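Student: My questions concern the predicted model and sequence given below.
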Amino acid sequence: MTFSNRLTRRGMLAASGAAVATAFIAKGARAATTLRYGHMHTPNSIAGAQAQWFADAVSEKTGGELAIQIFPNSQLGKLQELAEAVSTGTIAFSHNTAGAIGSLYAPFAAFDTPYLYRDVDHLLKVMSSESPVMQDLNQGLIGASGTRALYAFYFGTRQLTANQAIKKPADLSGIKIRSIPFPIYMATVEGLGAVPVPVDWSEVPTALATGVVAGQENPLNVLVSANLADVQSHLMLTGHISAAQVVMMNDDVWNGLSDAHKEAVARAAEETRAKATAEMLAAEENDLATLRGKGMTVIGEAEGLDVAAFRESVKARISSEFDGEYGDLYAKISAIA
């Protein structure tokens, strides 16, 4: 983002902020300031539900002085558009993948590198707001885009689905698999052995049903909430990306809050992060049983899935493109105990 564009964005935010302040004074001290939160998920998913939990917590902690209005199901735009809308101040909040946020500040995408974390606990420590890695990248994100990472919650571990059994990377040769339309995800799908096809999430069910793509990859909770068992017959437990969703906030909006409101938002963020993470962890085992109950054939190592081969292939593909850019960052992430 150029300096002149940043000035334009900040000027627009200042003007809109003044309008909000005028409306607030005119309506009296108890009037609420309404902030918009757009995202791509269904309200019944954990990712979608946590947005409402956060809104409710902010309202409760500010005595109704801050109201957050939720727009789910990509109503306010697709992944890239939502990230850009937070940057420009069109909306105050969104949640997104780290890879998508990398479109605003490239190093952020490193958080979504496949087979990067030792376990979920390691992921959560790296993505904590107290983590030195997150603090450094957040400062870079603020400077580059005028957005800040407010909190991150465990989004699950991404698995592969298709309409046939896949047990090794060679089985995916020539097969089109939907990818999140950002570089690190495209490279991951290539590493799995497939042909990546960028498709925004809002279009995935149709793309699967019409054969535009033959498969996709997502955490189990997303497969359940989006009813993907209706259009996919096989689930492969590749476990290729353990990831968090990052709740972004426009930095000018943050800086425009009173100290009391900043504290309230921060406490609401921490409570929501913990609740959403706990819900996602608890749901994973049940979600797998639900997908089996819907008729999906689940293929893990016991059924012949060569996880080691997928890991080796994916890591080689990622290394060839990203080690030069993110190698030092990967070392810092690995060093977090």
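Tutor: Arrived safely, thanks for sending.
Student: which residue ranges form the strands in this structure?
Tutor: For the chain, the strands defined by DSSP state E cover 33-38, 66-71, 93-97, 147-162, 176-179, 195-198, 215-218, 234-250, 297-299.
Student: name the helices or strands packed onto the last one?
Tutor: Think strand 297-299. Contacts defined by 3 or more CB pairs under 8 Å, 6 or more residues apart in numbering; DSSP states H and E place strand 297-299 against strand 234-250, helix 259-293. For every residue, glycine as well, the C-beta is placed using N, CA and C.
Student: among the strands of the chain, which is nearest Ala49?
Tutor: Among the strands of the chain, strand 66-71 comes nearest to Ala49, with 10.0 Å by CB to CB.
Student: how big is the angle separating that closest one from strand 33-38?
Tutor: 30 degrees (axes from the mean of the first three to the mean of the last three CA atoms, to 10 degrees).
Student: Direction-wise, compare strand 66-71 with helix 259-293 and give the angle.
Tutor: 30 degrees.
Student: Check which residues of strand 66-71 are buried.
Tutor: 66, 68, 70-71 (16 or more other CB atoms under 10 Å).
Student: can you list those in TSV and add distance to Ala337 and pLDDT?
Tutor: As requested, those are exported to TSV (distance: CB to CB, whole Å; pLDDT from 0 to 100):
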residue	distance to Ala337	pLDDT
Leu66	37	98
Ile68	35	98
Ile70	36	98
Phe71	39	98
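Student: and of those residues, the nearest to Gly324?
Tutor: Distances from Gly324 to the buried residues of strand 66-71, taken by CB to CB, are shortest for Phe71, at 38.4 Å.
Student: can I assume that closest one is in contact with Gly38?
Tutor: Yes: assessed by CB atoms under 8 Å, Phe71 is found in contact with Gly38 at 4.4 Å.
Student: what stretches of the chain score poorly on pLDDT?
Tutor: Applying pLDDT under 70 to the chain flags residues 1-31.
Student: Could you rerun that using 50?
Tutor: Applying pLDDT under 50 to the chain flags the ranges 1-30.
Student: what separates the closest residue to Asp306 other than its chain neighbours from Gly239, distance-wise?
Tutor: Excluding the flanking residues, the one nearest Asp306 by CB to CB, 6 or more residues apart in numbering is Lys168, at 4.6 Å. Here Lys168 is placed at a distance of 15 Å from Gly239 (CB to CB, to the nearest Å).
Student: can you tell me which residues contact the residue nearest to Asp306?
Tutor: 193, 306, 309-310 (CB atoms under 8 Å, 6 or more residues apart in numbering).
Student: on that earlier part again, His261: which of the buried residues of strand 66-71 is nearest?
Tutor: Leu66 (5.9 Å).
Student: OK, contacts around that closest one?
Tutor: Counting by CB under 8 Å, 6+ apart, Leu66 makes contact with 32-33, 35, 58-59, 257, 261, 264-265.
Student: Quick check: PyMOL command selecting the buried ones in the residues you listed.
Tutor: To isolate the buried subset of the contacts of Leu66 in PyMOL, counting by 16+ other CB under 10 Å, use the following:
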select buried, resi 33+35+58+59+257+261+264+265
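Student: quick one on the thing from earlier: let me know which of the strands of the chain is tucked in deepest.
Tutor: Ranked by average neighbour count under the criterion mean count of other CB atoms under 10 Å, the strands of the chain are headed by strand 93-97 at a mean of 28.
Student: That strand versus helix 259-293: what angle between them?
Tutor: Computed by the same axes, to 10 degrees, the angle between strand 93-97 and helix 259-293 is 40 degrees.
Student: And strand 93-97, what does it pack against?
Tutor: Strand 93-97 packs on strand 33-38, helix 46-61, helix 79-88, strand 234-250, going by 3+ CB pairs under 8 Å, 6+ apart.
Student: could you check the distance from Val38 over to Pro72?
Tutor: Just to correct that, residue 38 is Gly rather than Val. In terms of CB to CB, Gly38 sits 8 Å off from Pro72.
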